[in-house]
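*Asks:* Predicted structure and sequence below. I'll ask about it afterward.
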Amino acid sequence: MYKLIALDIDGTLMTPDKKITTENKAAIDAARAIGVRVVLVSGRPTSGMRGALEELGMTSNDDYVLSFNASVVQQVKSGEIIRSQILTGKDAKQVAKLADLMGLNVHAFCAKRGLVTPAHNEYTDLESRTNGELITLFDFNEFADDDAILKVMIIDQPEKLSAAIEKLPAELYEQFTILKSAPFFLEFLNKESNKGIGVKALADYFSIPAEQVMCVGDAGNDYHMIKYAGMGVAMGNATDDIKEIADYITLSNTESGVAKAIQKFVLDV
């Protein structure tokens, strides 16, 4: 019996037009009704997950959420933080310098200032619309070395970003967790942060072994949690690398693939 289900949001729980299907909601409700803990795990900030949490009724003292690719694990209602591993202003300046050298855009989520970018661009605008976050234009050189930074992202056209990834210095992968969460988003996190580490931290908090955890996702930032889980589920629309490591491939996000996986492995439907 699976006791914890961790769900990615974009490309997984939600359809391309950012809706939660009736089927997905019903399956989640049914799983929670029999005592299974269901949590949302996203690259989004907590503010950008609020609508989905409210729609699913996950707003109590007994609900938890994993934001910024599980860099922060916290209780929904009180905001109490169970685990937090984030970056610094010094890190943000380093990544921004790299982006500038490559001719790419950059933005970051800062504890003090929210969503910040040195220059307006369509990808930061998309981040802003998706999460309801205001954009602050900010010179990254002005960060203090010890500023609290939730994550930094190099953002640009998919072709330019893919070419840049091939040129990233190998030592960066020793310093940061680097994830591609969308064709146009490359995320830099604290080395001790990824969705697998975050889900494990929450599972350990509730004394749930990995064998009783199911994780569902579609993109590169879901890799670690799908590898960690006793049942790692890839969406039908997942990238090939995620499908390769999954224990099961469900339907796509347009076909309520989350509901299909929950019905099969939790509800025995």
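*Replies:* Ah, there it is.
*Asks:* neighbours around the residue nearest to residue 235 when sequence neighbours are not counted, how many?
*Replies:* Nearest non-adjacent residue to residue 235, counting by C-beta to C-beta, 6 or more residues apart in numbering: residue 218, 4.2 Å away. From N, CA and C alone the C-beta is placed, and that goes for glycine too. Counted with other C-beta atoms under 10 Å, residues neighbouring residue 218 total 26.
*Asks:* same check, this time on the one 4 residues further on
*Replies:* Residue 222 is flanked by 35 other residues according to other C-beta under 10 Å.
*Asks:* Return the residues in contact with the residue nearest to it when sequence neighbours are not counted.
*Replies:* The shortest distance from residue 222 to any non-neighbouring residue, by C-beta to C-beta, 6+ apart, is to residue 8 (5.2 Å). Contacts for residue 8 (C-beta atoms under 8 Å, 6 or more residues apart in numbering) come out as 40-42, 195, 216-219, 221-222.
*Asks:* Let's see which of those residues end up in strands.
*Replies:* Under the assignment DSSP state E, the contacts of residue 8 contribute 40-41, 216-217 to strands.
*Asks:* How about stretch 97-117, which residues are buried there?
*Replies:* Neighbour-count burial for stretch 97-117, counted by 16 or more other C-beta atoms under 10 Å, picks out 98-99, 102, 104-110, 114-117.
*Asks:* Just give me the closest of the residues you listed to residue 258.
*Replies:* Closest approach between the buried residues of stretch 97-117 and residue 258, by C-beta to C-beta: residue 109, at 25.9 Å.
*Asks:* Among the contacts of residue 8, which one has the most neighbours?
*Replies:* residue 222 (35 neighbours).
*Asks:* And the pLDDT for the residue nearest to residue 222?
*Replies:* Note for residue 8: predicted pLDDT of 98.
*Asks:* any idea how far it is from residue 225?
*Replies:* Distance of residue 8 to residue 225, computed by C-beta to C-beta, to the nearest Å: 8 Å.
*Asks:* who does the host helix or strand of residue 197 touch, helix- and strand-wise?
*Replies:* Taking DSSP states H and E as the definition, residue 197 sits inside helix 195-205. Judged by 3 or more C-beta pairs under 8 Å, 6 or more residues apart in numbering; DSSP states H and E, helix 195-205 is in contact with strand 4-7, strand 37-41, strand 64-67, strand 72-75, strand 81-84, strand 213-217, helix 223-228.
*Asks:* Quick one: mean pLDDT for that helix?
*Replies:* 98.
*Asks:* ok, now stretch 259-269?
*Replies:* The pLDDT scores in stretch 259-269 average 95.
*Asks:* what's the distance between the closest residue to residue 21 other than its chain neighbours and residue 26?
*Replies:* Residue nearest to residue 21 in three dimensions, not counting chain neighbours: residue 256, with 4.7 Å by C-beta to C-beta, 6+ apart. According to C-beta to C-beta, residue 256 stands 9 Å off from residue 26.
*Asks:* and these two? which has more neighbours close in?
*Replies:* Neighbours per residue (other C-beta under 10 Å) separate residue 256 from residue 26, with residue 256 holding more: 23 against 14.
*Asks:* Would you agree that one is in contact with residue 23?
*Replies:* Yes - under the criterion of C-beta atoms under 8 Å, residue 256 makes contact with residue 23 at 3.8 Å.
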